[in-house]
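Chemist: Any chance you can model this:
(2 chains)
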Protein chains: 2
Amino acid sequence: MPTAIQDCIPHNHCWGCGTLNPRGLQVKSYVEGEETVCRFQPWPEHMAGPTDVVNGGIIAAVIDCHAVCTALADAYRAAGAELGSEPLRWAVTASLRIDYLAPTPIGQPMELRARVREVKGRKRVVDCTLRSGGRECARAEVIAVEVPAGWRAGG
Amino acid sequence: MPTAIQDCIPHNHCWGCGTLNPRGLQVKSYVEGEETVCRFQPWPEHMAGPTDVVNGGIIAAVIDCHAVCTALADAYRAAGAELGSEPLRWAVTASLRIDYLAPTPIGQPMELRARVREVKGRKRVVDCTLRSGGRECARAEVIAVEVPAGWRAGG
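Modeler: The predicted model follows:
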């Protein structure tokens, strides 16, 4: 059983993917070759206006966490360091661009695949696709930026 | 006391803003002159990695609902119809572009202001800013598209 990226990141309270947030989505991302993959089953309340479609904000949240954790795993890898090892690294979202291509059905898991397309200093550009039942439902570009591990509000 | 846009939209189960979703965020948007405004107090669990910052996915969800409801209100207005009146109208998100400019503190409400910048057929381009404590923390462009009121997954 492979270990999720998030399960290697300490001190993570993130609503989307923090192991320390029991009320959060608990998104899990796995490295698969050159890509990362995340499978997420939306909760019944994660609907859009109609009850059988996933809310776009939930889609954005899962994409955001999956892409930032993909960038973070790549940053450790590029440094030749084990994920989650000292010195701790952290990354935040600088921008999120999502095209919603089709409604995402709520009754089955969505599958996200991401990869780092470009590294520019502390920035990583991550491409991410979201499929459900084999259909591409969303496509995104996320720019993640490495920040000091102790970042806080007001920074 | 003005009425929120969402309180005029029937059949809305949306996790972000549906009055029919008791487990959702219950985002409320109000028309103020040429703009719309939304004030949202993040929940304690809506944190990012650190506990005092709002998760970017929650920010995306609130922006998405506020912008799409802004577009929907504008569509009714342009048709000379009262918000939520028959024939019912609906709008979905075609794209979401967010630049995160600064961490958003979790302990105070965030204030979103949006306006429709451009109308192209069924599409509306909505600009939205998010401020917290007077500081601009995010800026977004949302493209909302009118769809038949009975839209569903697979559509």
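Chemist: Let me know the distance separating the residue nearest to residue A:71 when sequence neighbours are not counted from chain B.
Modeler: Nearest residue to residue A:71, sequence neighbours excluded (Cβ to Cβ, 6 or more residues apart in numbering or on different chains): residue A:144, at 3.6 Å. C-beta: built from backbone N, CA, C; applies to glycine. To chain B, residue A:144 is 10 Å away according to Cβ to the nearest Cβ, to the nearest Å.
Chemist: what number of residues lie near residue A:144?
Modeler: Counted with other Cβ atoms under 10 Å in any protein chain shown, residues neighbouring residue A:144 total 27.
Chemist: Please apply the same query to residue A:8.
Modeler: Neighbours of residue A:8 (other Cβ under 10 Å): 17.
Chemist: again, but for residue A:38
Modeler: Using other Cβ under 10 Å: residue A:38 sits among 27 other residues.
Chemist: go on, residue A:26?
Modeler: 17.
Chemist: Correct me if wrong: it contacts residue A:17.
Modeler: Yes. If you go by Cβ atoms under 8 Å, residue A:26 and residue A:17 touch, sitting 6.9 Å apart.
Chemist: Give the residues shared as contacts by those two.
Modeler: Applying Cβ atoms under 8 Å, 6 or more residues apart in numbering or on different chains, one finds that residue A:26 and residue A:17 are jointly contacted by residue A:6.
Chemist: so how far does stretch A:25-39 reach from one end to the other?
Modeler: End-to-end distance for stretch A:25-39: 12 Å, by Cα to Cα, to the nearest Å.
Chemist: Now do the contacts for the residue nearest to residue A:71.
Modeler: A:67-68, A:70-72, A:91-94, A:123-124, A:126.
Chemist: Sort out which of these are buried, if you could.
Modeler: Buried by 16 or more other Cβ atoms under 10 Å in any protein chain shown: A:67-68, A:70-72, A:91-94, A:124, A:126, out of these.
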